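Visitor: Mind looking at a prediction? Sequence and model below.
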Amino acid sequence: MLVIGFPTGALQANCFVLASGEGEPCVIVDPGQDAVEPIGQALRKHRLAPVAVLLTHGHFDHTFSVTPVCDGNDVPAYIHPDDVEMLSDPLKGISRESAAFFGGDLEMREPSEVRSLTDGLELDLAGLRITVDHTPGHTGGSVMFRSGAQEGGRLVISGDTLFAGSIGRTDLPGGDHTSMLSSLRTKVMPLPDDTVVLPGHGPTTTIGRERATNPYLLQLQDAVRTDDAPAAPHRGL
(Lines give C-alpha, C1' and ligand atoms only; values in the text may rest on other atoms or scores of the structure.)
Protein backbone atom coordinates (compact mmCIF):
# COMPACT_ATOMS: atom_id res chain seq x y z
CA MET A 1 0.00 0.00 0.00
CA LEU A 2 1.19 3.50 -0.86
CA VAL A 3 0.51 6.05 1.90
CA ILE A 4 1.41 9.72 1.43
CA GLY A 5 0.83 12.11 4.31
CA PHE A 6 1.51 15.79 4.98
CA PRO A 7 0.26 18.50 7.37
CA THR A 8 -1.94 21.28 6.02
CA GLY A 9 -2.94 24.79 7.04
CA ALA A 10 -2.50 26.88 10.16
CA LEU A 11 -3.57 24.01 12.44
CA GLN A 12 -1.35 21.42 10.72
CA ALA A 13 -4.08 18.86 10.12
CA ASN A 14 -2.77 15.73 8.44
CA CYS A 15 -3.96 14.93 4.91
CA PHE A 16 -3.39 11.44 3.52
CA VAL A 17 -3.41 9.94 0.04
CA LEU A 18 -3.84 6.15 -0.13
CA ALA A 19 -3.38 3.84 -3.11
CA SER A 20 -2.51 0.22 -3.76
CA GLY A 21 0.63 1.40 -5.56
CA GLU A 22 2.20 3.84 -8.00
CA GLY A 23 0.13 4.63 -11.08
CA GLU A 24 -3.11 3.42 -9.48
CA PRO A 25 -6.42 4.95 -8.35
CA CYS A 26 -6.31 6.59 -4.92
CA VAL A 27 -8.43 8.04 -2.12
CA ILE A 28 -7.72 11.34 -0.39
CA VAL A 29 -8.43 11.73 3.31
CA ASP A 30 -9.01 15.10 5.02
CA PRO A 31 -7.92 17.75 2.50
CA GLY A 32 -7.53 20.72 4.85
CA GLN A 33 -6.40 24.29 4.33
CA ASP A 34 -3.88 24.85 1.53
CA ALA A 35 -4.10 21.17 0.55
CA VAL A 36 -4.90 21.55 -3.15
CA GLU A 37 -1.32 22.14 -4.32
CA PRO A 38 0.42 19.39 -2.29
CA ILE A 39 -2.31 16.92 -3.26
CA GLY A 40 -1.79 17.81 -6.91
CA GLN A 41 1.96 17.35 -6.54
CA ALA A 42 1.48 13.93 -4.95
CA LEU A 43 -0.93 12.83 -7.68
CA ARG A 44 1.49 13.87 -10.41
CA LYS A 45 4.60 12.44 -8.74
CA HIS A 46 3.04 9.03 -8.13
CA ARG A 47 0.76 9.01 -11.22
CA LEU A 48 -2.39 8.60 -9.12
CA ALA A 49 -6.03 9.13 -10.07
CA PRO A 50 -8.39 10.07 -7.22
CA VAL A 51 -11.73 8.28 -6.97
CA ALA A 52 -13.05 9.72 -3.67
CA VAL A 53 -12.37 12.02 -0.74
CA LEU A 54 -12.98 10.65 2.76
CA LEU A 55 -13.51 12.95 5.74
CA THR A 56 -12.88 11.87 9.33
CA HIS A 57 -15.08 14.72 10.61
CA GLY A 58 -16.44 18.12 9.62
CA HIS A 59 -13.99 20.60 11.17
CA PHE A 60 -12.68 22.99 8.56
CA ASP A 61 -9.00 22.26 9.28
CA HIS A 62 -9.73 18.80 7.82
CA THR A 63 -12.24 19.78 5.11
CA PHE A 64 -11.39 23.24 3.82
CA SER A 65 -10.18 22.06 0.40
CA VAL A 66 -12.77 19.33 -0.08
CA THR A 67 -14.82 21.15 -2.71
CA PRO A 68 -11.98 22.17 -5.05
CA VAL A 69 -10.43 18.70 -4.71
CA CYS A 70 -13.72 16.85 -5.28
CA ASP A 71 -15.20 19.05 -7.99
CA GLY A 72 -11.84 19.54 -9.68
CA ASN A 73 -11.48 15.76 -10.05
CA ASP A 74 -15.20 14.94 -10.40
CA VAL A 75 -15.21 12.64 -7.36
CA PRO A 76 -17.58 12.37 -4.36
CA ALA A 77 -16.92 13.33 -0.75
CA TYR A 78 -17.82 10.90 2.03
CA ILE A 79 -18.75 12.22 5.49
CA HIS A 80 -20.92 11.12 8.40
CA PRO A 81 -24.35 12.82 8.21
CA ASP A 82 -23.98 14.29 11.71
CA ASP A 83 -21.14 16.51 10.46
CA VAL A 84 -22.30 17.31 6.94
CA GLU A 85 -23.65 20.78 7.87
CA MET A 86 -20.14 21.95 8.64
CA LEU A 87 -19.18 21.62 4.98
CA SER A 88 -21.26 24.70 4.21
CA ASP A 89 -21.16 26.35 7.66
CA PRO A 90 -17.71 25.68 9.16
CA LEU A 91 -18.29 28.02 12.11
CA LYS A 92 -20.82 25.51 13.51
CA GLY A 93 -18.06 23.30 14.82
CA ILE A 94 -15.42 25.63 16.24
CA SER A 95 -14.78 27.71 19.33
CA ARG A 96 -15.19 31.48 19.47
CA GLU A 97 -11.43 31.81 19.84
CA SER A 98 -10.83 29.81 16.67
CA ALA A 99 -13.47 31.80 14.80
CA ALA A 100 -11.87 35.07 15.92
CA PHE A 101 -8.43 33.82 14.84
CA PHE A 102 -9.76 33.37 11.32
CA GLY A 103 -11.62 36.67 11.30
CA GLY A 104 -15.00 35.15 12.13
CA ASP A 105 -15.69 34.46 8.48
CA LEU A 106 -14.93 31.13 6.78
CA GLU A 107 -16.72 30.59 3.50
CA MET A 108 -17.17 27.04 2.26
CA ARG A 109 -19.69 25.14 0.18
CA GLU A 110 -20.52 21.47 -0.20
CA PRO A 111 -18.98 19.51 -3.08
CA SER A 112 -21.29 18.58 -5.93
CA GLU A 113 -21.64 15.01 -4.65
CA VAL A 114 -21.70 14.10 -0.95
CA ARG A 115 -22.21 10.54 0.26
CA SER A 116 -22.94 9.34 3.80
CA LEU A 117 -20.68 7.27 6.03
CA THR A 118 -22.24 4.90 8.57
CA ASP A 119 -20.80 2.71 11.28
CA GLY A 120 -19.51 -0.58 9.92
CA LEU A 121 -19.76 0.50 6.30
CA GLU A 122 -17.32 -1.38 4.03
CA LEU A 123 -15.99 0.74 1.18
CA ASP A 124 -14.27 -0.74 -1.87
CA LEU A 125 -12.38 2.21 -3.31
CA ALA A 126 -9.22 2.40 -5.40
CA GLY A 127 -8.56 -1.30 -4.89
CA LEU A 128 -8.66 -0.84 -1.11
CA ARG A 129 -11.11 -2.29 1.41
CA ILE A 130 -11.85 0.42 3.97
CA THR A 131 -14.01 -0.08 7.06
CA VAL A 132 -15.76 2.88 8.68
CA ASP A 133 -15.98 3.14 12.47
CA HIS A 134 -18.26 5.84 13.88
CA THR A 135 -16.40 7.34 16.85
CA PRO A 136 -18.39 10.28 18.25
CA GLY A 137 -16.73 12.40 20.89
CA HIS A 138 -14.62 15.02 19.15
CA THR A 139 -17.64 15.72 16.96
CA GLY A 140 -20.94 13.90 16.63
CA GLY A 141 -19.96 12.61 13.19
CA SER A 142 -16.33 11.67 13.79
CA VAL A 143 -15.22 8.43 12.14
CA MET A 144 -12.07 6.36 11.74
CA PHE A 145 -11.04 4.46 8.61
CA ARG A 146 -9.48 1.00 8.91
CA SER A 147 -7.67 -0.80 6.13
CA GLY A 148 -5.24 -3.66 5.72
CA ALA A 149 -2.30 -4.07 3.36
CA GLN A 150 -1.97 -7.25 1.32
CA GLU A 151 1.14 -8.25 3.26
CA GLY A 152 -0.88 -8.33 6.47
CA GLY A 153 -0.22 -4.84 7.82
CA ARG A 154 -3.07 -2.92 9.39
CA LEU A 155 -3.66 0.78 9.59
CA VAL A 156 -6.29 3.12 10.97
CA ILE A 157 -6.76 6.74 10.02
CA SER A 158 -8.02 8.03 13.34
CA GLY A 159 -8.83 11.66 12.58
CA ASP A 160 -9.12 13.60 15.84
CA THR A 161 -10.30 10.60 17.85
CA LEU A 162 -6.80 9.37 18.75
CA PHE A 163 -3.41 11.07 18.67
CA ALA A 164 0.05 9.93 19.70
CA GLY A 165 -0.13 10.37 23.45
CA SER A 166 -3.54 12.03 23.57
CA ILE A 167 -7.07 12.24 22.18
CA GLY A 168 -9.15 14.91 20.48
CA ARG A 169 -10.67 17.71 22.51
CA THR A 170 -14.33 17.37 23.43
CA ASP A 171 -15.23 20.93 24.49
CA LEU A 172 -16.29 22.20 21.05
CA PRO A 173 -19.85 22.26 19.64
CA GLY A 174 -20.89 18.65 19.07
CA GLY A 175 -18.16 17.29 21.32
CA ASP A 176 -18.90 14.98 24.24
CA HIS A 177 -16.31 13.50 26.60
CA THR A 178 -18.44 10.54 27.68
CA SER A 179 -19.03 9.63 24.03
CA MET A 180 -15.31 9.96 23.36
CA LEU A 181 -14.45 7.51 26.14
CA SER A 182 -17.08 5.10 24.82
CA SER A 183 -15.59 5.35 21.30
CA LEU A 184 -12.12 4.69 22.66
CA ARG A 185 -13.36 1.71 24.65
CA THR A 186 -15.41 0.09 21.88
CA LYS A 187 -13.61 1.07 18.68
CA VAL A 188 -9.96 1.82 19.55
CA MET A 189 -9.09 -0.56 22.39
CA PRO A 190 -10.07 -3.75 20.50
CA LEU A 191 -7.67 -3.01 17.61
CA PRO A 192 -4.54 -5.20 17.36
CA ASP A 193 -1.34 -3.76 18.82
CA ASP A 194 0.43 -3.78 15.44
CA THR A 195 -2.16 -1.46 13.88
CA VAL A 196 -0.44 1.67 12.56
CA VAL A 197 -2.29 4.86 13.55
CA LEU A 198 -2.35 7.81 11.15
CA PRO A 199 -3.81 10.60 13.30
CA GLY A 200 -5.45 13.88 12.37
CA HIS A 201 -2.61 15.88 13.92
CA GLY A 202 0.92 14.98 14.92
CA PRO A 203 3.11 11.93 14.32
CA THR A 204 2.23 8.38 13.37
CA THR A 205 1.97 5.84 16.18
CA THR A 206 0.67 2.32 16.83
CA ILE A 207 -2.19 0.94 18.89
CA GLY A 208 0.30 -1.03 20.99
CA ARG A 209 2.30 2.08 21.81
CA GLU A 210 -0.84 4.02 22.72
CA ARG A 211 -2.19 1.14 24.80
CA ALA A 212 1.05 1.20 26.78
CA THR A 213 1.58 4.97 27.10
CA ASN A 214 -1.54 7.01 26.26
CA PRO A 215 -3.03 8.20 29.59
CA TYR A 216 -6.60 7.96 28.29
CA LEU A 217 -6.23 4.37 27.14
CA LEU A 218 -4.37 3.46 30.32
CA GLN A 219 -7.23 4.94 32.29
CA LEU A 220 -9.75 2.81 30.41
CA GLN A 221 -7.66 -0.30 31.00
CA ASP A 222 -7.56 0.48 34.71
CA ALA A 223 -11.37 0.76 34.70
CA VAL A 224 -11.36 4.24 36.22
CA ARG A 225 -14.86 5.69 36.43
CA THR A 226 -15.84 7.67 33.33
CA ASP A 227 -16.87 10.76 35.29
CA ASP A 228 -13.41 10.93 36.88
CA ALA A 229 -11.65 11.03 33.50
CA PRO A 230 -9.91 14.34 32.74
CA ALA A 231 -10.95 16.37 29.72
CA ALA A 232 -8.68 16.14 26.70
CA PRO A 233 -6.04 18.87 26.26
CA HIS A 234 -6.62 21.20 23.35
CA ARG A 235 -5.18 20.06 20.04
CA GLY A 236 -6.19 21.17 16.57
CA LEU A 237 -9.39 23.19 16.86
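Guide: Yep, that arrived.
Visitor: for the chain, where's the lowest mean pLDDT among helices and strands?
Guide: Among the helices and strands of the chain, helix 96-101 carries the lowest confidence by mean pLDDT, DSSP states H and E, at a mean of 66.
Visitor: Quick check: neighbours of the helix or strand following it in the sheet, parallel or antiparallel?
Guide: Per DSSP states H and E, the first helix or strand lying C-terminal to helix 96-101 is strand 114-116. Paired neighbours of strand 114-116 in the sheet (DSSP bridges): strand 77-79 (parallel).
Visitor: helix/strand/coil for the residue lying closest to L121 once chain neighbours are set aside?
Guide: Leaving out its chain neighbours, the residue that sits closest to L121 by CB to CB, 6 or more residues apart in numbering is V132, at 4.2 Å. Quick note: C-beta positions are derived from backbone N, CA and C, even for glycine. When states are read from DSSP: H, G, I helix; E, B strand; the rest coil, the local structure at V132 comes out as strand.
Visitor: mind checking how far the nearest residue to T135 once chain neighbours are set aside is from Q221?
Guide: Closest residue in space to T135, ignoring its immediate chain neighbours: S183 at 3.8 Å, by CB to CB, 6+ apart. With distances taken as CB to CB, to the nearest Å, S183 is found 15 Å from Q221.
Visitor: Between the two, which is the more surrounded one?
Guide: S183 (25 against 13; other CB atoms under 10 Å).
Visitor: That one looks like it's in a helix, true?
Guide: Yes. The assignment for S183 by three-state DSSP puts it in a helix.
Visitor: how about it, what does it touch?
Guide: For S183, the contacting residues are H134, T135, P136, G137, S142, T161, by CB atoms under 8 Å, 6 or more residues apart in numbering.
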